[in-house]
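*Asks:* sequence? don't have it. structure:
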DNA sequence: TAGACGTGGGT
DNA sequence: TACCCAAGTCT
């Protein structure tokens, strides 16, 4: 089926991986036939650091309300932030809103299929640009996310997990695995991600179900533990991120501008609270009204 | 390149 | 209880 022309030096059975994906892929809504590049871009943006099960209902609502980029672009920032709900990292919503405006104005309301054009849009980085090119348009593009990095680290390099990310090296690793033709390469990109998500997981991987276990370098090495530099754990409790989230949650829950007193109730330490409110204003996630109250942007 | 940036569920 | 983790991007 898929003959790996550029990856001929690997002995991984990538045809078996593609077949496994075709047979077992989860029927996620953004994978359905007829989903546009816009639908894929929205899903990929929402899925940045946010689990599938939380994205799915929000994605459904967005596609119903804003089926084209121009539909979202016509909406206010505040309404977009409300619809983003508690997906997290709300700056993603603002950037997607801005990207939608650019796509409507500069690309005839059609999400570009070219990686470099996609990379020029706000909120679209190395991963998302290639994910859209591959999954929406069937292009050959090395899609590298945390799952793919882990699969490559194990199956190709024989390590317990991927070390710190290095975009160019990671892209080259995956590029070397992809077949030359667009369609089979796009399928393999999706298959590598799916494998990392449902089989080659961080903890307790299901190697007995893995279609490439026979040739996996990690298996051959005796499944050594991760030996790279310590992973950095993200603190959350008590950080500015938590405080910003609390403040924004007050604004999302309000129907209009709120007073400073209402925001004060969200966090008891005044210094941190004020600093976070300032940063939200700087980031454009909050606006101040003429009478000194606070609101989501565009809702003054 | 390291650190900031939300949120919630699993262990 | 803490810590870990989840389809990253930007500075």
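*Replies:* That came through fine. Because the structure is a prediction, the values reported are computed rather than measured. Residues are numbered from 1 along each chain as shown, chains lettered A, B, ... in the order given.
*Asks:* When you work out contacts or count neighbours from here on, use the C-alpha atoms and nothing else.
*Replies:* OK.
*Asks:* Get me the contact residues on the stretch 101-250 of chain A for DNA strand C.
*Replies:* The stretch 101-250 of chain A comes close to DNA strand C at residues A:121-129, A:145-147, A:193-194, A:196-197, A:201-202, A:231, A:233-235, as judged by C-alpha under 7 Å from any atom of the strand.
*Asks:* Within reach of DNA strand B, which of these are there?
*Replies:* Within the set of these, contact with DNA strand B (C-alpha under 7 Å from any atom of the strand) is found for residue A:234.
*Asks:* Mind checking which of the residues of the stretch 101-250 of chain A next to DNA strand C are in helices?
*Replies:* A:126-129, A:146-147, A:193-194, A:196-197 (DSSP state H).
*Asks:* Out of the residues you listed, the closest to DNA strand B would be?
*Replies:* residue A:126 (11.9 Å; C-alpha to the nearest atom of the strand).
*Asks:* how near is the closest residue to that closest one other than its chain neighbours to residue A:198?
*Replies:* Nearest non-adjacent residue to residue A:126, counting by C-alpha to C-alpha, 6 or more residues apart in numbering: residue A:119, 7.0 Å away. Counting by C-alpha to C-alpha, to the nearest Å, the gap from residue A:119 to residue A:198 is 28 Å.
*Asks:* Just the element for residue A:63, please.
*Replies:* Assigned by DSSP states H and E, residue A:63 falls within helix A:52-65.
*Asks:* is that helix up against DNA strand C anywhere?
*Replies:* Yes - using C-alpha under 7 Å from any atom of the strand, helix A:52-65 reaches DNA strand C at residue A:52.
*Asks:* Point out the other helices and strands that that helix packs with.
*Replies:* Where contact means 3 or more C-alpha pairs under 8 Å, 6 or more residues apart in numbering; DSSP states H and E, helix A:52-65 is packed against helix A:37-46, helix A:77-84.
*Asks:* show me what contacts residue A:192?
*Replies:* When contacts are counted by C-alpha atoms under 8 Å, 6 or more residues apart in numbering, residue A:192 touches A:17, A:147-148, A:151.
*Asks:* Show me which of those residues is closest to DNA strand C.
*Replies:* residue A:147 (5.2 Å).
*Asks:* Next, residue A:295: phi, psi?
*Replies:* phi -150, psi 160 (degrees, to the nearest 10).
*Asks:* returning to that earlier point: and the residue nearest to residue A:126, what does it touch?
*Replies:* A:125-126, A:129.
*Asks:* Any chance of JSON lines for those residues, columns neighbour count and pLDDT?
*Replies:* Listed next are the contacts of residue A:119 as JSON lines, based on neighbours: other C-alpha atoms under 10 Å; pLDDT from 0 to 100:
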{"residue": "A:125", "neighbour count": "16", "pLDDT": "98"}
{"residue": "A:126", "neighbour count": "18", "pLDDT": "98"}
{"residue": "A:129", "neighbour count": "25", "pLDDT": "98"}
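*Asks:* what's around residue A:282, how many residues?
*Replies:* 11 (other C-alpha atoms under 10 Å).
*Asks:* Repeat that for residue A:138.
*Replies:* Residue A:138, neighbours per other C-alpha under 10 Å, totals 19.
*Asks:* Same question for residue A:233.
*Replies:* Residue A:233, neighbours per other C-alpha under 10 Å, totals 6.
*Asks:* now residue A:253
*Replies:* Using other C-alpha under 10 Å: residue A:253 sits among 10 other residues.
*Asks:* cool, and residue A:21?
*Replies:* Neighbour tally, residue A:21, other C-alpha under 10 Å: 20.
*Asks:* Against DNA strand B, how distant is the residue nearest to it when sequence neighbours are not counted?
*Replies:* The spatial neighbour of residue A:21 that comes closest, neighbours along the chain excluded (C-alpha to C-alpha, 6+ apart), is residue A:191 at 5.2 Å. To DNA strand B, residue A:191 is 23 Å away according to C-alpha to the nearest atom of the strand, to the nearest Å.
*Asks:* For residue A:191, list the residues it contacts.
*Replies:* Neighbours of residue A:191 in contact, by C-alpha under 8 Å, 6+ apart: A:17-18, A:20-21.
*Asks:* Give the next helix or strand downstream of the host helix or strand of it.
*Replies:* In this assignment (DSSP H and E), residue A:191 forms part of helix A:182-198. Per DSSP H and E, the first helix or strand lying C-terminal to helix A:182-198 is helix A:217-220.
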